[in-house]
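Chemist: Below are the sequence and a predicted model; questions follow.
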Amino acid sequence: MLNLETIKNKFNNGDIFFISDFTELGAYEAIRKSLQRLTTEEEISRIAKGIYFLPKKNERLGIMFPHAEQIAEAIAKRDKARIIPTGITALNKLGLSAQIPLKAVYLTDGSARQIEVGNQTIQFKKTNPKNLSIDHQLSNLIIQALKAIGEKNVTGEQVQKIQKIIYQSQEQELIFKNLRNAPVWIQKIIITR
């Protein structure tokens, strides 16, 4: 039977886990009911259907819930899928926007779906393999952030910030190599400026 001790032997406080992480202990329905009972007893917390986490507590703030990126990465890892943040999420991660998105959107080669987490939504959009062909997070963030801004709306200040991020990286050569696979307009404004 699944209990709190078994979960704590496998996960740390703040970790996200799924029903499928415990199927070796019994039938799916039995595991689901055990997790439901532990949630009712407030030993663990439920993020969304089938997604749980071991609470991490802060003396002042109380329970620290995982943020959208942690949840998205945990789902991608479980599904053995690749994800890339897009839109406001990519802009925020690069520091080009202070806006925290209420809807975090990720491109994926996994299943398309939408998950409601409190007042936030995580959306996975199915994309073609070409959009996921670059296996470098910072390169992908730069490309997706620029796509979100749009070719006609990119400012000189934004380009300077992105170039500063690239030049402060230990992987400048790799980033510039990866950007050669980006749309031509992105290549022109980042590589040739």
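Modeler: Now that the structure is in, tell me what you want to look at.
Chemist: okay, CA-based contacts and neighbour counts for the rest of this
Modeler: OK.
Chemist: ok, for the residue positioned nearest the centre of the chain, nearest residue in space, not its chain neighbours?
Modeler: With the centre of the chain defined as its mean C-alpha position, the nearest residue by Cα atoms, centre = their mean is residue 69, 3.1 Å away. Of all residues not flanking residue 69 in the chain, residue 104 sits nearest, at 8.0 Å (Cα to Cα, 6 or more residues apart in numbering).
Chemist: Would you mind listing the outside residues contacting the helix or strand hosting the one you found?
Modeler: Taking DSSP states H and E as the definition, residue 104 sits inside strand 103-108. Residues external to strand 103-108 that are found in contact with it (Cα atoms under 8 Å, 6 or more residues apart in numbering): 68-69, 81-89, 120-127, 132.
Chemist: ok, now with 10 Å
Modeler: 68-69, 72, 76, 81-90, 112, 114-117, 119-129, 131-132, 144 (Cα atoms under 10 Å, 6 or more residues apart in numbering).
Chemist: what about the strands in the protein?
Modeler: According to DSSP state E, the chain carries its strands in the segments 16-18, 45-48, 51-53, 56-58, 62-64, 83-85, 103-108, 113-117, 120-126.
Chemist: want to throw the ones you listed into JSON lines with mean pLDDT, distance to residue 39 and mean neighbour count?
Modeler: As requested, those are exported to JSON lines (pLDDT from 0 to 100; distance: least, Cα to Cα, whole Å; neighbours: other Cα atoms under 10 Å):
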{"stretch": "strand 16-18", "mean pLDDT": "95", "distance to residue 39": "13", "mean neighbour count": "21"}
{"stretch": "strand 45-48", "mean pLDDT": "91", "distance to residue 39": "5", "mean neighbour count": "18"}
{"stretch": "strand 51-53", "mean pLDDT": "94", "distance to residue 39": "9", "mean neighbour count": "20"}
{"stretch": "strand 56-58", "mean pLDDT": "86", "distance to residue 39": "14", "mean neighbour count": "13"}
{"stretch": "strand 62-64", "mean pLDDT": "84", "distance to residue 39": "14", "mean neighbour count": "12"}
{"stretch": "strand 83-85", "mean pLDDT": "94", "distance to residue 39": "29", "mean neighbour count": "25"}
{"stretch": "strand 103-108", "mean pLDDT": "94", "distance to residue 39": "26", "mean neighbour count": "22"}
{"stretch": "strand 113-117", "mean pLDDT": "90", "distance to residue 39": "16", "mean neighbour count": "15"}
{"stretch": "strand 120-126", "mean pLDDT": "93", "distance to residue 39": "21", "mean neighbour count": "18"}
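Chemist: Lovely, talk soon.
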